[in-house]
Structure formats: C-alpha cells, structure tokens
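# quick one: sequence and predicted model below, then my questions.
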Amino acid sequence: MSDQPIEEMTFEQAMAELERVVGQLESGNVPLEQSIALYERGAGLKARCEAKLKEAEEKVAAITLDRDGAPTGTVPFDGQ
C-alpha cells in the first residue's frame, strides 16, 4: 500500500492502487484490522477516481462544437 496522500494522486495512480487494494481484500489473506484499513483506503481511492473523472467530464462538456461537429473552442465551466 502506498503512503502517498490520496488527494495528491492522479487518476491513474489512484486506479492502480485501488486495484491493488481490491486484490489484497479479495485474497482473504490479511488480518481483520488490515482489511478494515484497506477498505477505508479503497473507499478514499474510489472517491478520488470519481472526482477526477467528473473533472474530465466537465472539461469535455465545455468544448464547443460547430454545426459540423468540429471543435471550435471552449466555454468556462459554471460548476452548478
């Protein structure tokens, strides 16, 4: 398990660690206390991945297209 703070992770880093956490939990070879810690870290990693995906979706949604579907620019994201 990485010691890197979750809030500093990129989407790719968080997803890779989440996969490791899930693998450890699925193995069933970890003590209860460690399982709880892994589960809590996994929940944080999942939330980080969801937040990074939402950011990406918002950026993509802000791209404006012309009538032929070609990108013409971006508009500021409102966030509401």
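Structure received. Numbers count the residues shown, from 1 in each chain.
# and residue 22, what does it touch?
Contact partners of residue 22, counting by CB atoms under 8 Å, 6 or more residues apart in numbering, are residue 42. Where you see a C-beta, it was placed from the backbone N, CA and C, and this is true even at glycine.
# next SSE after the helix or strand hosting it?
Using DSSP states H and E, residue 22 sits in helix 11-27. Going down the chain from helix 11-27, the next helix or strand is helix 32-61, by DSSP H and E.
# what angle do that next one and helix 11-27 make?
Interaxial angle, helix 32-61 versus helix 11-27 (axes from the mean of the first three to the mean of the last three CA atoms, to 10 degrees): 150 degrees.
# report the buried residues of helix 32-61.
Of all the residues in helix 32-61, those buried under the rule 16 or more other CB atoms under 10 Å are 38, 41, 42, 44, 45, 46, 48, 49, 52.
# just checking, what packs against that helix?
Secondary-structure packing of helix 32-61 (3 or more CB pairs under 8 Å, 6 or more residues apart in numbering; DSSP states H and E): helix 11-27.
# reformat the buried residues of helix 32-61 as CSV; add pLDDT and distance to residue 71.
Shown next, in CSV, are these (pLDDT from 0 to 100; distance: CB to CB, whole Å):
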residue, pLDDT, distance to residue 71
38, 96, 42
41, 97, 38
42, 97, 37
44, 97, 35
45, 98, 32
46, 97, 31
48, 97, 28
49, 97, 26
52, 96, 22
